[in-house]
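Novice: This is the structure alone, sequence omitted:
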C-alpha cells in the first residue's frame, strides 16, 4: 500500500481503516514531528483549506487542527453552525439540509472536520450517523473531530504517544478506568481508545462502577480486535483489580447509558456516589507497574487523578500526548487531503 492510497478517505472511526492504513498514519505523524523539530518549513497542503464544523466547543481540537494546517502551508476555517443555516432536523423548513451543506463545503475545501456530541443530538449514535451521512455526500474527506460514539484522532494520538514512550505495544497492559468528576463527559475518547489499544495488541482492562456500561457494539468489536491482534480485553467493576500491574492507566469520567433520559443534574448526583474512583499516588505505588498516566484532557485534577501523578514528569504522558494531537492530525490531513510529500 502507498501513502497516496489514503487520499480522499474519511476517518469517522478507526474500525473503517485497516491496521496497515493506521500504521501508515503513525509513520507519517512521526516523520512530520521530526521535520517540525528540525525547523523545516512545509508546504504539503499549500493553498488548501480545511473546513472545521464545530457543533460543540473544544479545548484542544480547534487549536491543534488550526496550527496543523498552518504548519502544512494551508488554511483552516472555523465554522459555528449557529451562524449558518444548517439543520440537523430532516423535516422541511428546518434549515439547509446536511446533503446540501456538505456538497457545497466540498466545493470550497479539500477536507471537512466535524465535531458533534450528545448535547446537540436527540439520541445516542445520531451524531455519528450524521457524520457517515456527510461522508456519503462529500467529495472531500470527512474527519471526525469527536462524535457521540468515536474520537479516532484522540485514540490514534494515544497510540502514537504510547509507542513513543514504552515502545512496542503488544503485551503491554492498559487500564482504562472510569473516574469521578462532576463534568459528565462523552464516551467517544474512551470507546475509541479501547478499540484501538486492542487492535494494537495491548491487554486492555476496562473498569467502571455498575451503571456506567459502554456501548455493547463497541465492546464486542474491542473483543474482536483483541482476538485478532493477540491482545486481551476484560471488564470489571473494581478499579483496583483493573489497574493491578498496569503499564499505563487512563482514568477518565464518562456518562451513564441513561444520560439522554435523566439529564445532566442526575448524572452529577450519580457520579457523586463514587468519589473513591480516583487514580491516587497510593494506588500507583501499590498496584501498578509502573502506571504511567494517559489522559485525553481536560483533566479534572484532584477528582480523576491526584496532582502528584499529573505533575510527575516520569509518570505523566499527558502533555506529550496533547502535543501529539498536532502531529497526528497533520499526518491525517496530509494523507487524506492529497498532500505532496
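Specialist: Perfect, thanks for sending it. Given the structure is predicted, the values throughout are model-derived calculations rather than measurements.

Novice: contacts and neighbour counts: CA atoms only from here.
Specialist: OK.

Novice: Residue 185 and residue 98, how far apart?
Specialist: According to CA to CA, to the nearest Å, residue 185 and residue 98 sit 26 Å apart.

Novice: where in the chain is pLDDT low?
Specialist: Where the chain drops to pLDDT under 70, the residues are 1-2, 90-93.

Novice: Could you rerun that using 80?
Specialist: Within the chain, the segments meeting pLDDT under 80 span 1-3, 89-94, 340-341.

Novice: where along it do the strands fall?
Specialist: 49-54, 75-79, 111-116, 142-147, 173-178, 203-207, 232-236, 248-252, 292-293 (DSSP state E).

Novice: okay if I get those as a markdown table plus distance to residue 321 and mean neighbour count?
Specialist: Below are the strands of the chain laid out as a markdown table (distance: least, CA to CA, whole Å; neighbours: other CA atoms under 10 Å):
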| stretch | distance to residue 321 | mean neighbour count |
| --- | --- | --- |
| strand 49-54 | 22 | 22 |
| strand 75-79 | 22 | 17 |
| strand 111-116 | 20 | 26 |
| strand 142-147 | 16 | 28 |
| strand 173-178 | 15 | 28 |
| strand 203-207 | 19 | 26 |
| strand 232-236 | 23 | 18 |
| strand 248-252 | 12 | 26 |
| strand 292-293 | 10 | 24 |
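
Novice: need those strands in CSV with distance to residue 123, can you?
Specialist: Output for the strands of the chain, formatted as CSV (distance: least, CA to CA, whole Å):
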stretch, distance to residue 123
strand 49-54, 18
strand 75-79, 23
strand 111-116, 12
strand 142-147, 12
strand 173-178, 22
strand 203-207, 24
strand 232-236, 25
strand 248-252, 22
strand 292-293, 32
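
Novice: between those, which gets nearest to residue 274?
Specialist: Proximity to residue 274 (CA to CA) singles out strand 173-178 among the strands of the chain, at 9.7 Å.

Novice: Packing partners of that closest one?
Specialist: Where contact means 3 or more CA pairs under 8 Å, 6 or more residues apart in numbering; DSSP states H and E, strand 173-178 is packed against strand 203-207, helix 239-243, strand 248-252.

Novice: Next, count neighbours for residue 132.
Specialist: 18 (other CA atoms under 10 Å).

Novice: That one touches residue 11, doesn't it?
Specialist: No: if you go by CA atoms under 8 Å, residue 132 and residue 11 don't touch, sitting 9.7 Å apart.

Novice: And the protein, what are its domain boundaries?
Specialist: 3-150+323-336, 154-321 (automatic domain parsing).

Novice: Test my guess that residue 153 contacts residue 329.
Specialist: Yes: when contacts are counted by CA under 8 Å, residue 153 is listed as touching residue 329 (6.8 Å).

Novice: returning to that earlier point: pipe the helices and strands packed on strand 173-178 into CSV and attach distance to residue 80 per row.
Specialist: Shown next, in CSV, are these (distance: least, CA to CA, whole Å):
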stretch, distance to residue 80
strand 203-207, 35
helix 239-243, 39
strand 248-252, 28
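
Novice: Nearest to residue 339, out of those?
Specialist: Closest to residue 339 of the helices and strands packed on strand 173-178, according to CA to CA: strand 248-252, at 33.6 Å.

Novice: tell me the angle of the closest one relative to strand 203-207?
Specialist: When axes from the mean of the first three to the mean of the last three CA atoms, to 10 degrees is applied, the directions of strand 248-252 and strand 203-207 differ by 30 degrees.

Novice: Show me the contact partners of strand 248-252.
Specialist: With contact meaning CA atoms under 8 Å, 6 or more residues apart in numbering, strand 248-252 is reached by 173-180, 190, 243, 278-279, 289-295, 299, 304-305.

Novice: ok, now stretch 263-283?
Specialist: 178-184, 209, 239-240, 251, 255-256, 259, 303-306, 308-309.

Novice: are any of these buried, and which?
Specialist: 178-182, 184, 209, 239-240, 251, 255-256, 259, 303-306, 309 (16 or more other CA atoms under 10 Å).

Novice: and residue 115, what is it in contact with?
Specialist: By CA under 8 Å, 6+ apart, the contact set of residue 115 is 53-56, 144-147.

Novice: nearest to residue 78, of those residues?
Specialist: Nearest to residue 78 out of the contacts of residue 115 is residue 53 (CA to CA; 6.5 Å).

Novice: Just want to check the distance between that closest one and residue 131.
Specialist: From residue 53 to residue 131 the distance is 11 Å (CA to CA).

Novice: my guess is residue 79 meets residue 50, correct?
Specialist: No: between residue 79 and residue 50 there is no contact under CA under 8 Å: 10.5 Å.

Novice: if we can go back for a sec, out of the helices and strands packed on strand 173-178, which is closest to residue 218?
Specialist: Between the helices and strands packed on strand 173-178, strand 203-207 lies closest to residue 218; by CA to CA that is 12.3 Å.

Novice: Filter the buried ones among the contacts of stretch 263-283 down to the ones in helices?
Specialist: Counting by DSSP state H, the buried ones among the contacts of stretch 263-283 place 239-240, 259, 309 in helices.

Novice: which among the contacts of residue 115 gets closest to residue 71?
Specialist: Of all the contacts of residue 115, residue 71 sits closest to residue 145, with 18.7 Å by CA to CA.

Novice: Count the neighbours of residue 7 for me.
Specialist: Neighbours around residue 7, by other CA under 10 Å: 17.
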